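Undergrad: 3D, please:
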Amino acid sequence: MRIFESQVKPLIYTALNEDIKGGDITTDALTLKDDPIVRCEVIAKEQSVVCGLPLFSMVIDMVSSGNYEMDFLVREGDSVLKSCSVISFEAKASVILYAERTALNFLQHLSGIATASHIAANELRGLKTKVLDTRKTIPGLRALQKYAVKTGGGENHRFDLSSGILIKDNHIKLAGGIKNAVSMVKDYHSGLNFKIEIETANLAEVKEALDAKADIIMLDNMDPDTMKDAVCIIDGNALTEASGNIKTTQLRSIAELTSVDYISMGCLTNSVTPADFSLNFIV
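TA: Below is the predicted model:
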C-alpha cells in the first residue's frame, strides 16, 4: 500500500493550521532578527517500527516552501532501537520550530500503529492466521492508519462501506434473518463480484451462514473453544475471522487452538500508544 501526496496534503494543512494559525510567539521572538539555518536529528526514544517518514518531510516542505535538506537514516518500515537516529535535516530555525510538533505527531502516531501491527503479526509467525485491522479509525485518518498497519506487517480489512459486503447483527435483524439478508444483498449486488462476509455470534448462526453460502464467516465475541467448534463445522467451506476485543497476548493461543484464517483487531488503530521520538538541535 502507498500513500500519495494528494491524499495527505489536506490533512497536513489542517494540522498545521490547527497549531500555528496564530503564529508562534516564542519562536518569533527568538528568530525575528536572526533566523539561522540549523541542523537537527530525530531520535527514537524506544524500540519501534518507523512509519510516516514521507509525511514528516511533507510537513517540513510545506512550512519551509522547499528550502531545506533532509536525509532519512532508516527506511519506512524499519525496526529501530532506542537512541537510533532516524532523520537528519537542516532548515531555518523558525521552520523547524514551527513544524516540529505537527511533523512528530504524524510520525509518532503512525509509528505506534506500525509497531503494534508488527508485534501482532510476529505473534502469528509460522501460522496461517493473519491479523486484520478494522474501520475503528480516527475520522479523517483512515487511509494513513491502514497504511501504517500494512507497513507494520498486518493486513487491511475493507476500507469503507462500499469496498466489501459485511452483514452484521443489525443487518440480520433488519432483514429478519441471515438467509433473507444474504438474499437481499445478492439481489442488490448481482452484478458485483464481492465476497459476502456474515457476522455470527453462536454456532446456530454459523450453520445458517454456511447454509446461506457465505464466503467469510466472522466469529464475533466467541470464546476460543466455541470458535474451535465453529471452524470444525465450517470445515473449509468458508474463510473464518475471529473478532471481538482480542488482545495481542491472546493471538497465538487463539490461532493455534482454532486455526481461524484471520483475527481482526480494532485496537491496532483506535487505541494504540504513539511511538516516542524527539527532535533535537545539533549545536
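
Undergrad: in the stretch 51-200 of the chain, what spans have low per-residue confidence?
TA: 190-192 (pLDDT under 70).

Undergrad: All the strands of it, in order from the start?
TA: Listed in chain order, the strands of the stretch 51-200 of the chain (DSSP state E, counting those that start in this stretch) span 69-72, 79-80, 85-92, 130-132, 165-167, 196-200.

Undergrad: Turn these into TSV, including distance to F159.
TA: Any C-beta I mention is one placed from the backbone N, CA and C, and that applies to glycine too. TSV is the format used below for the strands of the stretch 51-200 of the chain (distance: least, CB to CB, whole Å):
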stretch	distance to F159
strand 69-72	27
strand 79-80	26
strand 85-92	28
strand 130-132	12
strand 165-167	12
strand 196-200	14
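
Undergrad: which of these sits most buried?
TA: For the strands of the stretch 51-200 of the chain, the largest average neighbour count (mean count of other CB atoms under 10 Å) is found in strand 196-200, namely a mean of 24.

Undergrad: how near is H171 to G177?
TA: 10 Å (CB to CB, to the nearest Å).

Undergrad: okay, those two: which has more neighbours?
TA: Per other CB atoms under 10 Å, whichever of H171 and G177 has more neighbours is H171, with 18 against 13.

Undergrad: give the contact list for the closest residue to the more buried one other than its chain neighbours.
TA: Excluding the flanking residues, the one nearest H171 by CB to CB, 6 or more residues apart in numbering is A181, at 5.4 Å. Residues near A181 by CB atoms under 8 Å, 6 or more residues apart in numbering: I167, H171, I172, L174, A175, I198.

Undergrad: Likewise for F159?
TA: R135, R142, A143, K146.

Undergrad: correct me, but the last one touches N156?
TA: Yes: counting by CB atoms under 8 Å, K146 does reach N156; the two are 5.0 Å apart.

Undergrad: Now do the helices in the stretch 51-200 of the chain.
TA: 53-64, 93-123, 142-152, 169-175, 178-188 (DSSP state H, counting those that start in this stretch).

Undergrad: so what secondary structure elements neighbour the shortest one?
TA: Of the remaining helices and strands, those touching helix 169-175 by 3 or more CB pairs under 8 Å, 6 or more residues apart in numbering; DSSP states H and E are helix 178-188, strand 196-200.

Undergrad: And it, what's buried?
TA: The neighbour-count check on helix 169-175 (16 or more other CB atoms under 10 Å) flags H171, I172, A175 as buried.

Undergrad: how close does the last one get to I167?
TA: Looking back up the chat, that one is A175. Counting by CB to CB - A175 and I167 are separated by 8 Å.

Undergrad: Which two of the contacts of A181 have the greatest separation?
TA: Pairwise distances across the contacts of A181 peak at 13.8 Å for L174 and I198 (criterion: CB to CB).

Undergrad: before we move on, the earlier item: name the residue in K146 and N156 with the higher neighbour count.
TA: Remark: of K146 and N156, K146 carries more neighbours, 26 against 15, as counted by other CB under 10 Å.

Undergrad: Contact partners for the more buried one?
TA: M1, D133, T137, N156, F159, T269.

Undergrad: Now for the fourth one: which residues touch it?
TA: For N156, the residues meeting the contact criterion (CB under 8 Å, 6+ apart) are M1, L132, D133, K146, V149, K150.

Undergrad: can I get these in JSON lines with distance to S163?
TA: As requested, these are exported to JSON lines (distance: CB to CB, whole Å):
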{"residue": "M1", "distance to S163": "13"}
{"residue": "L132", "distance to S163": "13"}
{"residue": "D133", "distance to S163": "13"}
{"residue": "K146", "distance to S163": "11"}
{"residue": "V149", "distance to S163": "15"}
{"residue": "K150", "distance to S163": "15"}
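
Undergrad: now, which of those sits nearest E46?
TA: V149 (19.4 Å).

Undergrad: ok now do that closest one, which residues does it touch?
TA: Residues near V149 by CB under 8 Å, 6+ apart: I113, A114, S117, D133, E155, N156, L268, T269.
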